[in-house]
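Participant: Fold the stuff below for me.
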Amino acid sequence: MAAITIDEALDRAGAGTYQRRLMGIFGLVWAADAMQVLAVGFTAASIAATFGLTVPQALQTGTLFFLGMLLGAIGFGRLADRIGRRNVLIVTVLCDAIFGTLSIFAPDFTILLVLRFLTGVAVGGTLPVDYAMMAEFLPAKNRGRWLVLLEGFWAVGTLVVALAAWAASVAGVEDAWRYIFAVTALPALIGIGLRFLVPESPLYLMRNGRSDEAKSIVDQILITNGKHPIAADQYLVSPPPPQETRIFSGALRRRSVMILAIWFLVSISYYGIFTWMPPRLAGEGFGFVRGYGFLVLIALAQLPGYALAAYGVEKWGRRPTLIGFCVLSAAGCLLFVVASGGILIGASLLIMSFALLGTWGALYAYTPELYPTASRATGMGAAGAMARFGGLLAPSLMGLVVAHSFGLAIAIFAGLLLLAAIAAFRIDAETRASSLA
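Facilitator: As a prediction, this is how the structure comes out:
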């Protein structure tokens, strides 16, 4: 009998109908998670009005939400490497839907804080496992592009929550935050049933001695994509196990330190901008650059950023694309700092939105490929935790800088993004078209 690896089987299957179905399921919940995260900035002014708070006080919902995401990313990422991706995904999406829905009906600010924390735990657990799992269903030659496309659903979620906030503002409804939270909870509610349709990762099954189950799933992929199943005279084998699986040991130590630093630096910049920009633009803005209409335009600018990242990670490689988008993001921030008129300010905001989301696309394509299967979800969980730590600092610590000077805060973000580019340059691996170990 002849041996065939999962990578060889996935290469033969290609990226087709089976992966498109997974993309639809993962993408729906990914958009839901984006809506939950970005709702922090879009609901702050309304929450403040409902409970008689200042906007910085209302942004405590964001602080608790990101704290929950940090804990969820660490805990559920490690759990997914131990008990499987599928079980963790079902539990986290269920909790996301439950606590996100309950947030709509919070009778006071304290209960709202508790519910946003619990929603954050669920969302934090969903994000890293989503990518680890999707990566393990994709052939090497298509993996980067498809992972960036999955990240593109984040822009869809951003656009939807911006439109929901705009509609609530135009309608002049009281407690607009309740309506926005209702919109953000809906995709997660739909996604609960869909997640049961996603099988366990065949690569995870092989690593845990469940070869018959893995072969059955790989055969499903092949047949769904119009290919012949694994022949009777062939058997499925795992690629050779890596020498090191702990993310801070041996050869993985340097790349872990660098990639986690990038996640933190990009996160504090992204959440710093998109936490404080919505209430600023919805209020006084910057001349004609104001209101929810311009926020929708900023959200639309993210889509071509993802498209270029999807092209770049396959054409130029993961690391060069990541470096380029970090530098471009910093340039957009610096343009905002020196801009003297509404046109340049508007252009700088569009560049920041375009480039920052391209940065996320490249980062999400690159990170899961840096780790072996035995620690991929753990690595993504650690990355998610660093991102949430950055998000945790953005609405609180950076609020002190914003109060002094909004331009100074943006200048600091430019410096952090340049540091992220330097860290990306120092990573010791390029993973374009590489097999997963």
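Participant: hey, where'd the strands end up in the stretch 1-150 of the chain?
Facilitator: 2-5 (DSSP state E, counting those that start in this stretch).
Participant: Any regions of it where pLDDT drops low?
Facilitator: Where the stretch 1-150 of the chain drops to pLDDT under 70, the residues are 1.
Participant: And for Ala2, the neighbour number?
Facilitator: By other CB atoms under 10 Å, 9 other residues sit near Ala2. To be clear about C-beta, it is placed using only N, CA and C from the backbone, and glycine gets the same treatment.
Participant: Quick check: it touching Asp233?
Facilitator: Yes - Ala2 is in contact with Asp233 according to CB atoms under 8 Å; the separation is 6.2 Å.
Participant: Could you list the buried residues of whichever strand or helix holds Ala414?
Facilitator: Assigned by DSSP states H and E, Ala414 falls within helix 406-425. Neighbour counts over helix 406-425 (16 or more other CB atoms under 10 Å) mark 406, 409-414, 416-421, 423-424 as buried.
Participant: Next, find the distance separating the residue lying closest to Arg426 once chain neighbours are set aside from Met69.
Facilitator: Excluding its sequence neighbours, the residue lying closest to Arg426 (CB to CB, 6 or more residues apart in numbering) is Met258, at 5.3 Å. In this view, Met258 and Met69 are 22 Å apart by CB to CB, to the nearest Å.
Participant: Now do the buried residues in the lengthiest helix in the chain.
Facilitator: The residue-count maximum for a helix in the chain (DSSP state H) belongs to helix 17-51. Across helix 17-51, burial judged by 16+ other CB under 10 Å covers 18-19, 22-23, 25-48, 50-51.
Participant: Just the CA trace of stretch 318-327, in CSV.
Facilitator: Extracted in CSV, the C-alpha atoms of stretch 318-327 (Å, rounded to 0.1, in the frame of the first residue of the first chain):
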residue,chain,number,x,y,z
ARG,A,318,3.6,36.8,3.8
ARG,A,319,6.4,38.7,5.4
PRO,A,320,7.0,41.4,2.7
THR,A,321,3.3,42.1,2.4
LEU,A,322,3.0,42.5,6.2
ILE,A,323,6.0,44.8,6.3
GLY,A,324,4.6,46.9,3.4
PHE,A,325,1.1,47.4,5.0
CYS,A,326,2.6,48.3,8.4
VAL,A,327,4.7,51.0,6.8
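Participant: Which residues does it contact?
Facilitator: For stretch 318-327, contacts defined as CB atoms under 8 Å, 6 or more residues apart in numbering pick out 144, 262, 266, 305, 309, 312-313, 316, 355-356, 358-359, 361-363, 365-366, 369, 417-418, 420-421, 424-425, 427, 429-432.
Participant: now it: how far from the chain's centre is it?
Facilitator: Chain-centre distance of stretch 318-327: 17 Å, with CA atoms, centre = their mean, to the nearest Å.
Participant: When Met258 and Met69 are compared, which one has more neighbours?
Facilitator: Met69 (30 against 20).
Participant: any idea how far that one lies from Ala15?
Facilitator: For Met69, the distance to Ala15 (CB to CB) stands at 30 Å.
Participant: cool, Arg246 as well?
Facilitator: To Ala15, Arg246 is 31 Å away according to CB to CB.
Participant: So if I had to pick from these two, which one is more boxed in?
Facilitator: Taking other CB under 10 Å, Arg246 and Ala15 do not tie; Ala15 has more neighbours (19 against 13).
Participant: hmm, back to that, need the residues that contact the helix holding Ala414.
Facilitator: Under CB under 8 Å, 6+ apart, the answer for helix 406-425 is 258-259, 261-262, 265-266, 268-269, 272-273, 276, 280, 319, 322-323, 326-327, 329-331, 333-334, 336-337, 359, 398, 401-402.
Participant: Which of those residues fall in helices?
Facilitator: Within the contacts of helix 406-425, residues falling in helices by DSSP H are 258-259, 261-262, 265-266, 268-269, 272-273, 276, 280, 319, 322-323, 326-327, 329-331, 333-334, 336-337, 359, 398, 401-402.
Participant: Can you tell me which of the residues you listed are buried?
Facilitator: Buried members of the ones in helices among the contacts of helix 406-425, counted by 16+ other CB under 10 Å: 258-259, 261-262, 265-266, 268-269, 272-273, 276, 280, 319, 322-323, 326-327, 329-331, 333-334, 336-337, 359, 398, 401-402.
Participant: re earlier: least trustworthy position among the buried residues of helix 406-425, going by pLDDT?
Facilitator: pLDDT across the buried residues of helix 406-425 is at its lowest for Phe406, which sits at 75.
Participant: Do I have it right that Val29 meets Ile192?
Facilitator: No - in this structure Val29 lies outside contact range of Ile192 using CB under 8 Å: 9.0 Å.
Participant: Can you pull the residues that touch both of these two?
Facilitator: By CB under 8 Å, 6+ apart, the residues touching both Val29 and Ile192 are Val93.
Participant: ok, so of the buried residues of helix 406-425, who is nearest Val237?
Facilitator: The shortest approach to Val237 among these belongs to Ala424, at 34.0 Å (CB to CB).
Participant: Look up how far Ile259 lies from the closest one.
Facilitator: For Ala424 relative to Ile259 (CB to CB), the value is 8 Å.
Participant: Ok, Gln36 next?
Facilitator: With CB to CB as the criterion, Gln36 and Ile259 are 24 Å apart.
Participant: residue ranges with poor pLDDT in the stretch 201-350 of the chain?
Facilitator: The model of the stretch 201-350 of the chain has pLDDT under 70 over residues 238-245, 278-280, 282-292.
Participant: ok, which stretches of it are strands?
Facilitator: Taking DSSP E, counting those that start in this stretch as the test, the strands found in the stretch 201-350 of the chain are 234-237.
Participant: Without its sequence neighbours, what residue ends up closest to Phe65?
Facilitator: Using CB to CB, 6+ apart, the closest residue to Phe65 is Gly120 (3.9 Å).
Participant: Could you check how many residues crowd around that neighbour?
Facilitator: Other residues close to Gly120 by other CB under 10 Å number 31.
Participant: Let me see the contact set for it.
Facilitator: 36, 64-69, 72, 388.
Participant: likewise Met134?
Facilitator: Met134 neighbours (CB under 8 Å, 6+ apart): 22-23, 26, 146-147, 150.
Participant: now it: how far from Pro368?
Facilitator: Taking CB to CB, one finds Met134 at 8 Å from Pro368.
Participant: what does Leu10 give?
Facilitator: Distance from Leu10 to Pro368, by CB to CB: 15 Å.
Participant: Pick out whichever of the two has more residues nearby.
Facilitator: Of the pair Leu10 and Pro368, Leu10 is the one with more neighbours under other CB under 10 Å, namely 28 against 25.
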